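J.: Here is my input; please provide its structure:
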Amino acid sequence: MALLAISDLHVGYASNRAALSLVPHHPADWLILAGDIGETIEHLELTLDALGPKFARLVWVPGNHELWTRRSEPGLAGVAKYQALVEACRRRNVLTPEDPYPLYVGRDRAVRVAPLFVLYDYSFAPSPMSPTEAVAWAVDQGVLCSDEAVLWPDPYTTRAAWCAARCEETERRLAEARALDAHPMVLINHFPLRREHVLVPQFPAFALWCGTERTRDWPARFGATEVVYGHLHMPGTKLEGGVRYHEVSLGYPGQWNARQGIDQRLRIITE
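T.: Residues are numbered from 1 along each chain as shown. So this is what the prediction gives:
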């Protein structure tokens, strides 16, 4: 049995969507879906319906793409869109950031699995800037994330304000979980928790839309041995300070080998 992870399935693309049916059964394994499954509730539902029967349990966190407001989903923006996604998961017994953090008991050890939903607040700018200044700086560098047009923070006034609220609530819950027992934690978030892990050489200004400095010390504060994230489409694992940081993206067509299948891209987090 194993705790596996993948992110950025982007099933809005037909080739990525078709690959779901080719994933073999993993009846004893848990699978983490670390965001950017697609852009609509239907994308999430079809993915959960395809993968749910093949795994012992699914764990989901949202990426920025899931939170986009599309014309096919009028009235679902910001928190309302997120809540609709959570409800789609709950109807399928899929764990979300709104649920208690479960204990995964593997062959080698037990870990507390903590799915998180933390956005970004533009604090990954190269120097202190307001969000408005940071976006203007990025535009001067030739970079503007689509989120600025399609990811709405309602009822919060800004994405940074929504991020602050999510950070406060998540810090409280992580502290409570850590106080209950000493099991090592697996922190799961779509966005990297640390600025130095945002490596996008072609578009360095894209870092603005990749996280918040508020999460930098969370692995140490909350006893994490593993951190799982995606978003960057640059899969790999690095060890720092006794913590393994796993970027588990699949990516867009052309960024992965469809002939190898998705199963070859599932990362083992712990066994």
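
J.: The residue most central in space within the chain and residue 36: what is the separation?
T.: Centroid-nearest residue in the chain: residue 190, 1.9 Å away (criterion: C-alpha atoms, centre = their mean). Per C-beta to C-beta, to the nearest Å, residue 190 is found 7 Å from residue 36. Where C-beta positions appear, they are placed from N, C-alpha and C, glycine not excepted.

J.: re the thing from before, distance of the closest residue to the residue nearest to the centre of the chain other than its chain neighbours from residue 201?
T.: Distance criterion C-beta to C-beta, 6 or more residues apart in numbering; nearest residue to residue 190, sequence neighbours excluded, is residue 35 at 3.0 Å. For residue 35, the distance to residue 201 (C-beta to C-beta) stands at 22 Å.

J.: Of these two, give the one with the bigger neighbour count.
T.: residue 35 (28 against 6; other C-beta atoms under 10 Å).

J.: SS state for the more buried one?
T.: Three-state call for residue 35 (DSSP: H, G, I helix; E, B strand; the rest coil): coil.

J.: CA atoms only for the longest helix seen in the chain - export them in CSV, please.
T.: As assigned by DSSP state H, the longest helix anywhere in the chain is helix 159-180. C-alpha atoms of helix 159-180 as CSV (Å, rounded to 0.1, in the frame of the first residue of the first chain):
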residue,chain,number,x,y,z
ARG,A,159,-7.5,37.4,-3.8
ALA,A,160,-4.9,38.5,-1.3
ALA,A,161,-7.7,39.0,1.3
TRP,A,162,-9.1,35.5,0.5
CYS,A,163,-5.5,34.2,0.9
ALA,A,164,-5.1,35.9,4.3
ALA,A,165,-8.4,34.4,5.6
ARG,A,166,-7.4,30.9,4.3
CYS,A,167,-4.0,31.2,6.0
GLU,A,168,-5.4,32.2,9.3
GLU,A,169,-7.9,29.4,9.4
THR,A,170,-5.4,26.8,8.1
GLU,A,171,-2.8,27.8,10.7
ARG,A,172,-5.3,27.3,13.4
ARG,A,173,-6.3,23.9,12.2
LEU,A,174,-2.8,22.7,11.7
ALA,A,175,-1.8,23.9,15.2
GLU,A,176,-4.8,22.0,16.7
ALA,A,177,-3.9,18.8,14.7
ARG,A,178,-0.3,19.0,15.8
ALA,A,179,-1.3,19.4,19.5
LEU,A,180,-3.4,16.2,19.3
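
J.: How about the contacts made by residue 257?
T.: Residues near residue 257 by C-beta atoms under 8 Å, 6 or more residues apart in numbering: residue 264.

J.: Over to it. Which of the three states is it?
T.: Three-state call for residue 257 (three-state DSSP): coil.

J.: Next one: it relative to residue 269, how far apart?
T.: 22 Å.

J.: likewise residue 173?
T.: To residue 269, residue 173 is 20 Å away according to C-beta to C-beta.

J.: who's more crowded, these two?
T.: Neighbour totals were compared for residue 173 and residue 269, and residue 269 leads with 25 against 17 (other C-beta under 10 Å).

J.: how about the CA coordinates for the helix or strand containing the more buried one, as PDB?
T.: Assigned by DSSP states H and E, residue 269 falls within strand 267-270. The C-alpha coordinates for strand 267-270 follow below in PDB (Å, rounded to 0.1, in the frame of the first residue of the first chain):
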ATOM      1  CA  ARG A 267       4.600   9.900  -7.100                       C
ATOM      2  CA  ILE A 268       5.100   7.700  -4.000                       C
ATOM      3  CA  ILE A 269       4.900  10.000  -1.000                       C
ATOM      4  CA  THR A 270       5.100   7.300   1.600                       C
END
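
J.: That one pairs with which strands, and in what direction?
T.: strand 3-6 (antiparallel) (DSSP bridges).

J.: which of the residues in the helix or strand following the strand it pairs with are buried?
T.: Using DSSP H and E, the next helix or strand after strand 3-6 towards the C-terminus is helix 14-19. Buried residues in helix 14-19, counting neighbours by 16 or more other C-beta atoms under 10 Å, are found at 16, 17, 19.

J.: likewise stretch 177-189?
T.: For stretch 177-189, by 16+ other C-beta under 10 Å, it's 177, 178, 183, 184, 185, 186, 187, 188, 189.
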